[in-house]
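1. What follows is a protein structure lacking sequence information:
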């Protein structure tokens, strides 16, 4: 089984990343691109330490939507089609990143063209209070993820 090909198939369509930018702009958020965006580079990004690879996608500067103090926050963007999967190793690193600044995850439901913004702490709390199920990607039993139930997240809009 070709591990690289399976990964590329899952990550072939990055058009949904544009949706994150549209969402931030429609919510009048100032932002900068932060995390690694090298899927099409052809370089061996798997050799980069996991912590660096899991850096949040953006730093946003809040407005009244989330806070009144205009502090910077991390924003990770996750799109999904039918089920929400959050890699266990990414979650571990997001928790570390969240110690520096608050970390939010913006989920994008491709089927319904809907967004849900959630603070990482709230997601983790929901995952463990609901006994979150786990799975793994086909290329490796070590590449595990949590199934996040859509009902655990803030209303999709």
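-> Perfect, I can see it now. Worth saying up front: this structure is predicted, and the values here are computed from it rather than measured.
2. Identify the single longest strand in the protein, thanks.
-> For the chain, the strand with the greatest residue count under DSSP state E is strand 72-80.
3. to the chain's geometric centre, what's the distance from that one?
-> How far strand 72-80 lies from its chain's middle: 5 Å, per C-alpha atoms, centre = their mean, to the nearest Å.
4. tell me which strands and helices the very next helix or strand once past it is in contact with?
-> Once strand 72-80 ends, the next helix or strand along the chain (criterion: DSSP states H and E) is strand 84-87. Strand 84-87 sits against strand 144-148, with contacts defined as 3 or more C-beta pairs under 8 Å, 6 or more residues apart in numbering; DSSP states H and E. In short, each C-beta sits where N, CA and C put it, glycine included.
5. List the neighbouring strands of the strand it packs on plus their orientation.
-> strand 84-87 (antiparallel), strand 134-136 (antiparallel) (DSSP bridges).
6. tell me which residues in the first one are buried?
-> In this case it means strand 84-87. For strand 84-87, the neighbour count (16 or more other C-beta atoms under 10 Å) marks 84, 85, 86, 87 as buried.
7. Can I get those residues in TSV including pLDDT and distance to residue 133?
-> Listed next are those as TSV, based on pLDDT from 0 to 100; distance: C-beta to C-beta, whole Å:
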residue	pLDDT	distance to residue 133
84	93	11
85	94	10
86	94	12
87	93	14
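8. From those residues, pick the one nearest residue 148.
-> Using C-beta to C-beta, the shortest approach to residue 148 within those belongs to residue 84, at 3.9 Å.
9. Regarding stretch 25-33, how distant is the last residue from the first?
-> One end of stretch 25-33 to the other measures 13 Å (C-alpha to C-alpha, to the nearest Å).
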